[in-house]
Every structure is written in C-alpha cells, then in structure tokens.
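*Asks:* What would the 3D arrangement of this be:
(one chain, ligands or ions: 2)
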Amino acid sequence: MAYASIFKADLFSGQTIIVTGGGSGIGRCTAHELAALGATVLLVGRKPEKLQKVAAEISEDGGRAHWQACDIRDEDAVKQLVAGLIAEHGPIHGLVNNAGGQYPSPLASINQKGFETVLRTNLVGGFLMAREVFNQSMSKHGGNIVNMLADMWGGMPGMGHSGAARSGMDNFTKTAAFEWGYAGVRVNAVAPGWIASSGMDTYEGAFKAVIPTLREHVPLKRIGTESEVSAAIVFLLSPAAAFISGSTLKIDGAASLGSRAWPLHKASHSASFNGFHRAYLPDVLKDKE
Ligand SMILES: CCCCCCC/C=C/C(=O)SCCNC(=O)CCNC(=O)[C@H](O)C(C)(C)COP(=O)(O)OP(=O)(O)OC[C@H]1O[C@@H](n2cnc3c(N)ncnc32)[C@H](O)[C@@H]1OP(=O)(O)O
Ligand SMILES: NC(=O)C1=CN([C@@H]2O[C@H](COP(=O)(O)OP(=O)(O)OC[C@H]3O[C@@H](n4cnc5c(N)ncnc54)[C@H](OP(=O)(O)O)[C@@H]3O)[C@@H](O)[C@H]2O)C=CC1
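*Replies:* Numbers count the residues shown, from 1 in each chain. Ligands and ions are numbered 1, 2, ... in the order given. From the prediction side, this is the model:
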C-alpha cells in the first residue's frame, strides 16, 4: 500500500483561519502560506488599507482571503467581529493570534498608559480573540490556536512592558490548552527571536543599526526571516502537530540558549580544547586538578 504523507498541497483545504495582524510582516506572510495551502484566510487588523492590499495579493495568487478591521483590545468589537465572520464564513478552524507590538523604552520612562497599552495589545487582545473564537466556534467544532510570543525570557532591556505581556501570553497558552483540550482544541505559541520583518522598520532604523551586533549573539550567526516564523506557525496549525498542545516553539537560531554561556562559546572557538577549561574554569577548580 502506498504511504500517505500528511503533507499535501491542499493541507488546509476547507478550513477557515483568522490571522490577526495579517496586513503586514509575519501575519501577511503567514496568510499567504495558509492561502497557498488551501485555507480561506480572514485578515484582521486596525488599518483597512493594509488588509485590503494583502487580501488582493492573495486573490491575485488564486487564494481565498477576506478582511475585517478591528482593534483587538476592544471587547465588544472583538465579539462582533467573530460573530460576523462566523455568520459569513462558517466555523473558524484556526486562529493565528499574531497582532502585537511595542515601543522600545527603558522601564523607568514608561508611564502607566504606555504600559497598559502594550499589555492590552499583546496580552488582553490575544485573550479576547481566543476566548471569542473558542466560545463562538471552536468549543463546538474543535480547532487550532497559535499565539505570538517573543523571545524575551531572560529579560530584555527596553522591552519590559512587552516581555511582561509575552510571559503572560505564554501562561495563557498553557492554561487554554489545558481547559480547551476536551473540545479538540489545540493551543500553542511561537516565540521568535530577532526577525527581519517589515514591523521592525517601524523602529526607524534602530533595528537595522544593531543587526550586525545582534547577529554575533545568535549561534546560527544571522537573524531570521518572516517566512521562517510563518513556517513554524503553519506546522503548529497542521495535522503534523496533531498531538502538540500547550507548547511554545522558539524560532531564534538558538539565541535564547543563555547569555551567561557566551564567553565560553567564544573560547570554544578560539582556544584549543585542552587550553579551554584551564583558561575559563575558576582558579579554585584549577588548583584541585
Ligand atoms: C530595537 C530593538 C527592538 C527589539 C524587538 C524585540 C522583538 C520584538 C519585535 C517586534 O515586535 S517587531 C514590530 C512589531 N510592530 C510594532 O511594534 C509596531 C509599532 N508599535 C506600535 O504601533 C505601538 O507601540 C503599539 C503598542 C503596538 C500600539 O500603539 P497605539 O497606536 O495603540 O498606541 P498610541 O496611541 O500610539 O500610544 C498609547 C500610549 O502608549 C505610550 N506610547 C506609545 N508610543 C510611545 C513611544 N514611542 N514612546 C513613549 N510612549 C509611547 C504613550 O503612553 C501613549 O499615550 P499618549 O502619550 O499618546 O497619550
Ligand atoms: N519581528 C520580530 O523580530 C518579532 C516580532 N514579534 C511579534 O510578531 C508579531 C508580528 O510582528 P511583525 O510582523 O514583525 O510586525 P508588524 O508591525 O508588521 O505586525 C503587527 C501587526 O499587528 C497589528 N496590530 C497591532 N495592534 C493591533 C490592534 N490593537 N488590533 C489589531 N491589530 C493590531 C498591526 O496592524 P495595524 O497596523 O493594521 O493595526 C500589524 O499588522 C507581533 O506581535 C510582534 O510583536 C515577536 C518577536 C520578534
């Protein structure tokens, strides 16, 4: 009997998948990938002109895409959005909870409104989208949710508000996977590291200026691409990940493996193996040898 692979060109045929933040960057790229694999994609964001453009691109490529503007921080608007999308397109099979962002700022300079804005964008908004999609559709039909986090586990200067929100979303991912598994709903997350997305351009050159330095602190020696994040999202939504739920997949070229280890990493490239431990172990240990 011929082996039937789960990877097929029409992997998401018959599925309707919401992509928040689908008008730009990683969201746009993910929407293109899902549409190319047969999904009907529903793009959500605040700015209609961005969403309209991406929907048109997908249609030109022969895919199916629709859009609806919504600020995901507005509870009533999110309820109406999800109800309207279901009324028009039927059950929702997937949610890519990708919308988000922040403004880099040291903690001491962030005011309450600014902190809450970033928490509401990256944590509350994701919760509202997931809850509504679950309550209105996935609790009855099953489905898949992928949340967007960011690789800030070790703390990230200038990103205190965003890091707090992403850590919250990490815990939300696990709890939702726990609570909603009975209904056949998988909930996972992706945590990208440094990605050259169009969203990074909003930092007015600040990101581009530090790319050479950042690259040095990524074991793979480069920053990532939008499509490398999209590929991970598509995997988590796909049947290939059918028994994966409550997981966070890092897409960071191993950058999160620990800043404390960097001096050792450098040494392992520059010193001979024999000299390596002598040069870097504390003197007290050397004396015992
Ligand atoms: C260079 C290092 C980068 C490290 C990145 C680490 C990995 C993460 C990467 C990414 O996420 S890539 C890019 C993602 N996209 C964005 O970040 C988009 C750009 N950001 C925004 O649009 C906003 O920051 C937002 C939070 C997503 C939403 O802003 P919104 O339009 O709702 O808020 P505002 O009305 O503009 O502001 C409300 C409130 O927030 C404070 N505030 C906002 N911007 C600033 C700022 N630049 N500096 C200081 N404070 C800011 C402030 O309290 C605002 O209130 P008012 O002062 O306007 O009353
Ligand atoms: N690039 C990177 O290195 C990394 C990115 N991330 C995260 O990945 C996600 C995508 O980022 P990226 O593609 O890089 O950047 P973008 O800025 O291009 O994408 C963010 C999207 O979120 C939408 N959005 C923001 N706030 C709201 C809101 N309140 N309601 C609805 N939509 C909203 C924006 O649409 P609109 O303007 O229409 O509101 C925009 O399309 C973000 O959550 C980002 O923080 C995480 C780690 C690393």
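*Asks:* Distance of Thr30 relative to Val229?
*Replies:* Thr30 sits 8 Å away from Val229, going by Cβ to Cβ, to the nearest Å. From N, CA and C alone the C-beta is placed, and that goes for glycine too.
*Asks:* ok, now Val218?
*Replies:* 14 Å.
*Asks:* likewise Ile92?
*Replies:* In terms of Cβ to Cβ, Ile92 sits 22 Å off from Val229.
*Asks:* Near ligand 2, which residues of the stretch 151-289 of the chain? Just list them.
*Replies:* Pro192, Trp194, Ile195, Ser197, Ser198, Gly199, Met200, Thr202 (Cβ under 6 Å from any ligand atom).
*Asks:* dump the residue contacts of Leu128.
*Replies:* Neighbouring residues of Leu128 by Cβ atoms under 8 Å, 6 or more residues apart in numbering: Ile72, Arg73, Glu75, Val78.
*Asks:* try 10 Å this time
*Replies:* The contact partners of Leu128, by Cβ atoms under 10 Å, 6 or more residues apart in numbering, come to Ile72, Arg73, Asp74, Glu75, Asp76, Ala77, Val78, Lys79, Leu81, Val82, Asn97, Arg120.
*Asks:* how many neighbours does the closest residue to ligand 2 within the stretch 101-250 of the chain have?
*Replies:* Across the stretch 101-250 of the chain, no residue is closer to ligand 2 than Gly199, which sits at 1.9 Å (Cβ to the nearest ligand atom). By the criterion of other Cβ atoms under 10 Å, Gly199 has 18 neighbours.
*Asks:* before we move on, back to that, and the residues of the stretch 151-289 of the chain next to ligand 2, which of them are buried?
*Replies:* Pro192, Trp194, Ile195, Ser197, Gly199, Met200 (16 or more other Cβ atoms under 10 Å).
*Asks:* Show me the two of the residues you listed that sit farthest apart.
*Replies:* Trp194 and Gly199 (12.0 Å; Cβ to Cβ).
*Asks:* could I get the buried ones among the residues of the stretch 151-289 of the chain next to ligand 2 as a markdown table with secondary structure, distance to Met152 and pLDDT?
*Replies:* Shown next, in a markdown table, are these (DSSP: H, G, I helix; E, B strand; the rest coil; distance: Cβ to Cβ, whole Å; pLDDT from 0 to 100):
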| residue | secondary structure | distance to Met152 | pLDDT |
| --- | --- | --- | --- |
| Pro192 | strand | 10 | 97 |
| Trp194 | coil | 11 | 92 |
| Ile195 | strand | 13 | 94 |
| Ser197 | coil | 16 | 91 |
| Gly199 | helix | 15 | 85 |
| Met200 | helix | 15 | 82 |
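*Asks:* ok, so of these, who is nearest Asn111?
*Replies:* When those are compared against Asn111 (criterion: Cβ to Cβ), the nearest one is Gly199, at 23.1 Å.
*Asks:* How much space separates the closest one from Ala209?
*Replies:* Distance, Gly199 to Ala209, using Cβ to Cβ: 16 Å.
*Asks:* What pLDDT does the model give the closest residue to Ala254 other than its chain neighbours?
*Replies:* Nearest in space to Ala254, with sequence neighbours left out and distances taken as Cβ to Cβ, 6 or more residues apart in numbering, is Pro219 at 4.0 Å. pLDDT for Pro219: 91.
*Asks:* Pretty sure Pro219 sits in a helix.
*Replies:* No: according to DSSP: H, G, I helix; E, B strand; the rest coil, the state of Pro219 is coil, so it is not within a helix.
*Asks:* what number of residues lie near it?
*Replies:* Counted with other Cβ under 10 Å, residues neighbouring Pro219 total 14.
*Asks:* so Leu214 is in which element?
*Replies:* helix 206-216 (DSSP states H and E).
*Asks:* thinking again about what came up before, could I get the contacts of Leu128 in TSV, plus columns for distance to Lys250, pLDDT and neighbour count?
*Replies:* Output for the contacts of Leu128, formatted as TSV (distance: Cβ to Cβ, whole Å; pLDDT from 0 to 100; neighbours: other Cβ atoms under 10 Å):
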residue	distance to Lys250	pLDDT	neighbour count
Ile72	24	98	26
Arg73	27	98	20
Asp74	31	98	15
Glu75	31	98	14
Asp76	35	98	8
Ala77	32	98	15
Val78	28	99	24
Lys79	33	98	15
Leu81	30	98	24
Val82	29	99	26
Asn97	17	98	29
Arg120	25	98	17
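*Asks:* Can I get these in TSV including secondary structure and distance to Ser162?
*Replies:* As requested, the contacts of Leu128 are exported to TSV (DSSP: H, G, I helix; E, B strand; the rest coil; distance: Cβ to Cβ, whole Å):
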residue	secondary structure	distance to Ser162
Ile72	coil	16
Arg73	coil	15
Asp74	coil	20
Glu75	helix	21
Asp76	helix	25
Ala77	helix	23
Val78	helix	21
Lys79	helix	26
Leu81	helix	24
Val82	helix	25
Asn97	strand	15
Arg120	helix	12
